[in-house]
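> Sequence plus predicted model, see below.
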Amino acid sequence: MSQEIITLQIGDHANYVGTHFWNLQDEAIACSEQQNWKEPCSTVDHGVLCSWSEDRRGNYTYCPRAVVVDLSGSLGGLSFSDLPAATDGLSTPSWEGHVEVHNISRAAKNQYRKQLEAASQLDPDDEEAMAVYQQALEAAANALQGRPAYWTDYLQVDLHPSCVLTLSGVWRGIGEWDGWGPAVDSSNARETAEAAVDKIRWWAEQCDHVQGIQVLAEDVGGWGSMALNIVTELREQYPGVPMLYYSLQRQQTDAGQASSIRRDLSRPISIAEIAQVASLYVPLSVPVEQLKGSDGTALLAAAIDTATLCLRCTGASTALGSALGSTDMHSLVQLLTGQGANLASLSLQMPAGQLHRMPNAGDTSSSLVLQADVPTCMLTPGISTDPSLSIAESVVLRGARLGSELATTSQCKSALQQYRVQRQSRDSLQPCLTRACISPMPVALPVYFPAGLQEDHHQPRIGRREQWPAPAAMTGLAATAEFQGVLQGSRLRLQSLMQAPLGVSCLDQWGYSASDASELQESIQHLSDRYSRGHYND
């Protein structure tokens, strides 16, 4: 029986990440239908994230157990039939002031989206037609350069239409939507937040055992106050359910001074406010040097997918061995949180290194070692990849290879242990609690996955496209002493902006008085103190 996870996505950037995340799930589910990949796919329980049903013909279909929130006009050419109509500002007779009308026609579907929808009309046994379709699909994917206009442009899965909520009266691309608090004074925002909580409850009522809620939120890009309202209500309704919260921060390389100040204010507010409510708070942003022409959302999705794979493992036995180190969200949170310290960093290595046999000195035996192919990418701002500063860490290694074949999980376990011993050089005053999950299932990449990855011709092939790569990946979700410095810097930045006219104005608009801002500083200081040496596990 699956222990279900409900996913909540808040904001445009979060939905770009979420779309890649669900496309990865869709691709992995499709791989389970491939005869040569059934065994590794059987080690992943897709019932954790998705709700399954059987139609009249006996075919099984699935729907992501997700609630999605975004601005009006953010859905592009995709229509969700049950979406409530936006409020018409002209229908308010009591308003006698100026009325500004913006007429926006529905965006046209792009070619990639049209190709995805055309798949349902194909006969899977017609090899010639399938080959032609595949070429057209890949050509359409190649035409999607950089960041698509809408996240629906590359969405492969069918979201439940009643669980896609748009904020009435606030349109994408019209007016200012930035920083922490634009949604604070909107009655429509409160209604949308209540609707999101209702939909989470609706999903929960269909579950046998909810192991947790994962939240993807763009809380420094206009959605902070709404995210806080939603997660606070969820915490009150589900006090014993773990909540894994990802603060997804978009890189703004060309932002103006005012926008930069709003975002600099929003980051410490998010930590001070939301970290008190969430079980585990993970700030994420792709470094500029890692973007490689993409917007980084695919890389974040792959990291989240891999880091949470340990929550979705089955006990299935395969020729490659069973998945090792499976856990649930409660145990994961317990590993990474100390006394009031609940921040975590996330790093990704993709493709992860290969296993090699190295001769042992003095005899004819050999040992398996894991050699990194690419550097580890740290996705949490202000945190390094230095393992000696980690206090606790959850490591996931998936789809590692020995030569051109997938390695067994027992081989990976031995190599991973040796790899981590070589990387760590710590003193006895700060031991690191480590839990490792090892899965034979690699990352099943969709056709459209702009993560700037180099094709590795030694990677095994997987999925509906025999030529498509399935890279190994390794993540580290860690509590680290470096958060003490990050939090101190955040507190000092907040203190500095409190003295600037624009900073004072923003805080006032968001409903924070001078005394409220001082309390935010105290909260951040208190959290920072929890990461001091020797204090974390007191």
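Here it is on my side, so go on. The structure presented is a predicted model; accordingly, all values stated were derived computationally and were not measured.
> for the closest residue to residue 488 other than its chain neighbours, what are its contacts?
Spatial nearest neighbour of residue 488, chain neighbours left out: residue 528 (5.4 Å); criterion: C-beta to C-beta, 6 or more residues apart in numbering. Every residue, glycine included, has its C-beta placed from N, CA and C. Residue 528 makes contact with 483, 484, 487, 488, 491 under the criterion C-beta atoms under 8 Å, 6 or more residues apart in numbering.
> Assign a three-state SS to residue 528, would you?
At residue 528 the chain is in helix, as set by DSSP: H, G, I helix; E, B strand; the rest coil.
> May I have the predicted confidence score for it?
If you check residue 528, the pLDDT there is 94.
> Ok, residue 174 next?
Here the pLDDT value assigned to residue 174 is 62.
> Residue 437 too?
97.
> now for the helix or strand where it lies, which elements pack on it?
For residue 437, the host element (DSSP states H and E) is strand 433-439. When contacts are defined as 3 or more C-beta pairs under 8 Å, 6 or more residues apart in numbering; DSSP states H and E, strand 433-439 packs onto strand 390-398, helix 409-423.
> Could I get the CA-only coordinates of it as CSV?
Backbone C-alpha positions of strand 433-439 (Å, rounded to 0.1, in the frame of the first residue of the first chain) are rendered in CSV as follows:
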residue,chain,number,x,y,z
LEU,A,433,24.6,11.5,10.3
THR,A,434,24.2,10.1,6.8
ARG,A,435,21.4,8.0,5.3
ALA,A,436,21.9,6.7,1.8
CYS,A,437,19.3,5.5,-0.7
ILE,A,438,20.4,3.5,-3.7
SER,A,439,18.1,2.7,-6.7
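> so where do the strands sit in the stretch 201-350 of the chain?
210-217, 243-248, 280-284, 345-349 (DSSP state E, counting those that start in this stretch).
> Need the winner for burial among these.
strand 243-248 (a mean of 27; mean count of other C-beta atoms under 10 Å).
> who touches that one?
11, 13-14, 17, 212-220, 231, 234-235, 270, 274-275, 277-285, 300, 304, 308, 329, 332-333.
> One more pass at 6 Å, please.
13-14, 17, 213-216, 218-219, 270, 278-284 (C-beta atoms under 6 Å, 6 or more residues apart in numbering).
> How many residues are close by residue 187?
10 (other C-beta atoms under 10 Å).
> Could you tell me the end-to-end distance of stretch 354-374?
Stretch 354-374 has its terminal residues 11 Å apart, counting by C-alpha to C-alpha, to the nearest Å.
> Now do it, average pLDDT.
Mean predicted confidence for stretch 354-374 is 74.
> Quick one: find the helix or strand in this structure with the lowest mean pLDDT.
Every helix and strand of the chain was ranked by mean pLDDT, DSSP states H and E. The lowest is strand 461-462, at a mean of 50.
> one step back: hey, least reliable of the helices and strands packed on strand 433-439 by pLDDT?
Set side by side, those give their lowest mean pLDDT on helix 409-423, at a mean of 85.
> Tell me the buried residues in that helix?
Using 16 or more other C-beta atoms under 10 Å as the test for burial, helix 409-423 gives 409, 411, 412, 413, 414, 415, 416, 419, 420.
> Same check on stretch 50-65?
For stretch 50-65, by 16+ other C-beta under 10 Å, it's 50, 51, 62, 63, 64, 65.
> Stretch 495-514 too?
Buried, per 16+ other C-beta under 10 Å, within stretch 495-514: 495, 497, 498, 503, 506, 507, 510, 512.
> Next, give me the two most distant ones among those residues.
For the buried residues of stretch 495-514, the maximum inter-member distance is 16.7 Å, found between 495 and 510 (C-beta to C-beta).
> so where's the stretch 51-200 of the chain uncertain?
Applying pLDDT under 70 to the stretch 51-200 of the chain flags the ranges 81-106, 174-176, 182-186.
> what about residue 250, neighbour count?
The tally of other residues near residue 250 (other C-beta under 10 Å) stands at 21.
> go on, residue 377?
17.
> again, but for residue 37
Residue 37 - counted by other C-beta under 10 Å - has 22 other residues nearby.
> Now it, what are its backbone angles?
Per-residue torsions, residue 37: phi -120, psi 10 (degrees, to the nearest 10).
> what about it, distance to residue 273?
Using C-beta to C-beta, to the nearest Å, residue 37 is found at 44 Å from residue 273.
> Residue 512 now?
10 Å.
> need the contact list for the residue nearest to residue 314 when sequence neighbours are not counted.
The shortest distance from residue 314 to any non-neighbouring residue, by C-beta to C-beta, 6+ apart, is to residue 45 (4.8 Å). Residues in contact with residue 45, defined by C-beta under 6 Å, 6+ apart, are 2, 312, 314.
> What of residue 482?
Contacts of residue 482 by C-beta under 6 Å, 6+ apart are 383, 389.
> Equivalent analysis for residue 494, please.
Counting by C-beta under 6 Å, 6+ apart, residue 494 has contacts 268, 521.
> So it lies in a helix, does it not?
Yes - secondary structure of residue 494 (three-state DSSP): part of a helix.
> Distance-wise, check it relative to residue 276.
Residue 494 sits 16 Å away from residue 276, going by C-beta to C-beta.
> Would you agree residue 524 is in contact with residue 491?
Yes - if you go by C-beta atoms under 6 Å, residue 524 and residue 491 touch, sitting 4.3 Å apart.
> The two: which is more packed in?
Taking other C-beta under 10 Å, residue 524 and residue 491 do not tie; residue 524 has more neighbours (24 against 21).
> Give me the three-state assignment for the more buried one.
helix.
> Next: residue 355.
At residue 355 the chain is in strand, as set by three-state DSSP.
> Surely it and residue 369 touch.
No - assessed by C-beta under 6 Å, residue 355 is found out of contact with residue 369, at 7.1 Å.
> Tell me the residues that contact both of these two, please.
By C-beta under 6 Å, 6+ apart, the residues touching both residue 355 and residue 369 are residue 415.
> Looking at those two now, which is surrounded by more residues?
Counted by other C-beta under 10 Å, residue 355 and residue 369 do not tie: residue 355 has more neighbours, with 24 against 17.
> The stretch 251-400 of the chain: helices as residue ranges?
In the stretch 251-400 of the chain, the helices defined using DSSP state H, counting those that start in this stretch lie at 257-274, 297-307, 329-336.
> Kindly compare burial across the ones you listed and name the winner.
Of all those, helix 297-307 has the most neighbours on average by mean count of other C-beta under 10 Å, namely a mean of 26.
> Which residues outside that one are in contact with it?
By C-beta under 6 Å, 6+ apart, the list of residues contacting helix 297-307 from outside reads 16-17, 20-21, 24, 284, 286, 346, 348, 350, 379, 396, 398, 443, 449-451, 473, 475, 477.
> Generate a PyMOL selection restricted to the buried entries among these.
Here is the PyMOL command that picks out the buried ones among the contacts of helix 297-307, judged by 16+ other C-beta under 10 Å:
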select buried, resi 16+17+20+21+24+284+286+346+348+350+379+396+398+443+449+450+451+473+475+477
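> Name the nearest residue to residue 229, ignoring sequence neighbours.
Counting by C-beta to C-beta, 6+ apart, residue 193 is the residue found nearest to residue 229 once chain neighbours are left out, at 4.7 Å.
> so how many other residues sit close to that neighbour?
Residues lying near residue 193 (other C-beta under 10 Å) number 25.
> ok, it - contacts?
226, 229, 230.
> Pretty sure residue 216 sits against residue 18.
Yes - counting by C-beta under 6 Å, residue 216 does reach residue 18; the two are 5.3 Å apart.
> Which ones among the contacts of residue 528 lie within helices?
When helices are assigned by DSSP state H, the members of the contacts of residue 528 inside them are 483, 484, 487, 488, 491.
> What distance do you get for residue 449 to residue 471?
10 Å.
> low pLDDT regions in the stretch 201-350 of the chain?
253-255, 292-293.
> and if we set it to 80?
For the stretch 201-350 of the chain, applying pLDDT under 80 flags the ranges 221, 251-256, 289-295, 338-340.
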